[in-house]
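A.B. asks: A structural model of the following input is requested.
(one chain, ligands or ions: 2)
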Amino acid sequence: MNEIIQNILNEEFLAKAEPQQAIVWFVPAIIAAVVAAIIAIIANGGPSTPIKGKTICVLGQPESGKTTFLNWLRYDKFTTEHKQTYREAYPAFEYKTFKIEGGIDIGGDNEFKNKYREMMQKNDICIFVFDACKFINDANYRKETWDRADLIYNHFKNVENRHTIGTHFDKTDYKDVNKLREKIFNMSESKPFKDMFHTNCTIVDLSKKDSFEDCAKRIFGV
Ligand SMILES: Nc1nc2c(ncn2[C@@H]2O[C@H](COP(=O)(O)OP(=O)(O)OP(=O)(O)O)[C@@H](O)[C@H]2O)c(=O)[nH]1
Ligand SMILES: [Mg+2]
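C.D. replies: Ligands and ions are numbered 1, 2, ... in the order given. Predicted coordinates for the structure are as follows:
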């Protein structure tokens, strides 16, 4: 085995090798790289492309974690307490190397739903947040989530700049984010906007820094 590895590293061997022989040595390395990339995508919970833009609107269900997500981005810390948001303006900030212009954090109450269209028109990036634990356990909550997903799906057409976040993974019995995302997608199977729960959709435990960072990486690419 050692001899084989040494041969791979030995330039003289490669120089002398027939072209087909040299290719044979690289095939396992290429296969390993492809498998690693596939595993990384699966482990993170489905396909995702980093978004582009400078302004964001974070919309979604009450107490789902909108302010918590924004505070992670802005201050790199978890917001333990829930204080209902009405309309809080925030200044421009930078998450790692991703620059975000100032914007508005709005609450999740129904009274704010009539602001959605205007916010989607004004911002480059739209992030939709819901509590994944409540979604799978509470039919009313599920319906409310679908109503909002429908609204966003129909009015924010730039799919690449849209991302859905299902929070409170830690409150569920699931051990695998991918399985939970699949469950949520299957529950939404008959909906025209079901893609909101598949492409550019991340299940997260916002109480954990590594889970937040994985989610942010899938959204912003950093
Ligand atoms: N355990 C756990 N708690 C979370 C998670 N995400 C958010 N929270 C908590 O949920 C509560 C509500 O979070 P907020 O960020 O205030 O929710 P919001 O969507 O901004 O709420 P409104 O502004 O009222 O619409 C807070 O106590 C957070 O600490 C999560 O993934 N896991
Ligand atoms: Mg809030």
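A.B. asks: Helices of the chain, residue ranges please.
C.D. replies: Here the chain has its helices, by DSSP state H, at 2-9, 11-16, 19-43, 66-75, 116-122, 132-137, 139-155, 177-187, 209-220.
A.B. asks: Chain neighbours aside, what residue packs nearest to residue 220?
C.D. replies: Leaving aside its sequence neighbours, residue 220 sits nearest to residue 98 (Cβ to Cβ, 6 or more residues apart in numbering; 4.5 Å). The way it works is simple: take the backbone N, C-alpha and C, and place the C-beta from them, glycine included.
A.B. asks: Dig out what that neighbour forms beta bridges with.
C.D. replies: Beta-bridge pairing of residue 98 under DSSP bridges involves residue 95.
A.B. asks: okay but it is in contact with residue 219, surely?
C.D. replies: No. Residue 98 is not in contact with residue 219 according to Cβ atoms under 8 Å; the separation is 9.0 Å.
A.B. asks: When those two are compared, which one has more neighbours?
C.D. replies: Applying other Cβ atoms under 10 Å to residue 98 and residue 219 shows that residue 219 carries more neighbours, namely 23 against 19.
A.B. asks: and the nearest residue to residue 103 once chain neighbours are set aside, what does it touch?
C.D. replies: Once flanking residues are discounted, residue 103 sits nearest to residue 55: 5.7 Å by Cβ to Cβ, 6+ apart. Contact analysis of residue 55 by Cβ atoms under 8 Å, 6 or more residues apart in numbering lists 100, 101, 103, 122, 123, 124, 125.
A.B. asks: closest to residue 131 among the residues you listed?
C.D. replies: residue 125 (21.1 Å; Cβ to Cβ).
A.B. asks: What about that closest one, how many residues nearby?
C.D. replies: Counted with other Cβ under 10 Å, the neighbours of residue 125 add up to 22.
A.B. asks: Also the one 4 residues further on?
C.D. replies: If you count neighbours by other Cβ under 10 Å, residue 129 ends up with 27.
A.B. asks: partners of residue 163 in the sheet?
C.D. replies: residue 127.
A.B. asks: Count the residues that sit near it.
C.D. replies: So residue 163, with other Cβ under 10 Å, has 26 neighbours.
A.B. asks: That one and residue 109, how far apart?
C.D. replies: Residue 163 is 22 Å from residue 109, where distance means Cβ to Cβ, to the nearest Å.
A.B. asks: What of residue 92?
C.D. replies: Applying Cβ to Cβ to residue 92 and residue 109 gives a distance of 26 Å.
A.B. asks: With residue 69 instead?
C.D. replies: Separation of residue 69 from residue 109 (Cβ to Cβ) stands at 17 Å.
A.B. asks: what's the answer for residue 91, then?
C.D. replies: 24 Å.
A.B. asks: do the same with residue 70
C.D. replies: Distance from residue 70 to residue 109, counting by Cβ to Cβ: 17 Å.
A.B. asks: Counting neighbours around each, name which of these two comes out higher.
C.D. replies: A count of neighbours by other Cβ under 10 Å puts residue 70 above the other of residue 70 and residue 109, at 23 against 13.
A.B. asks: Identify the spatial nearest neighbour of the more buried one, chain neighbours not counted.
C.D. replies: residue 105 (5.5 Å).
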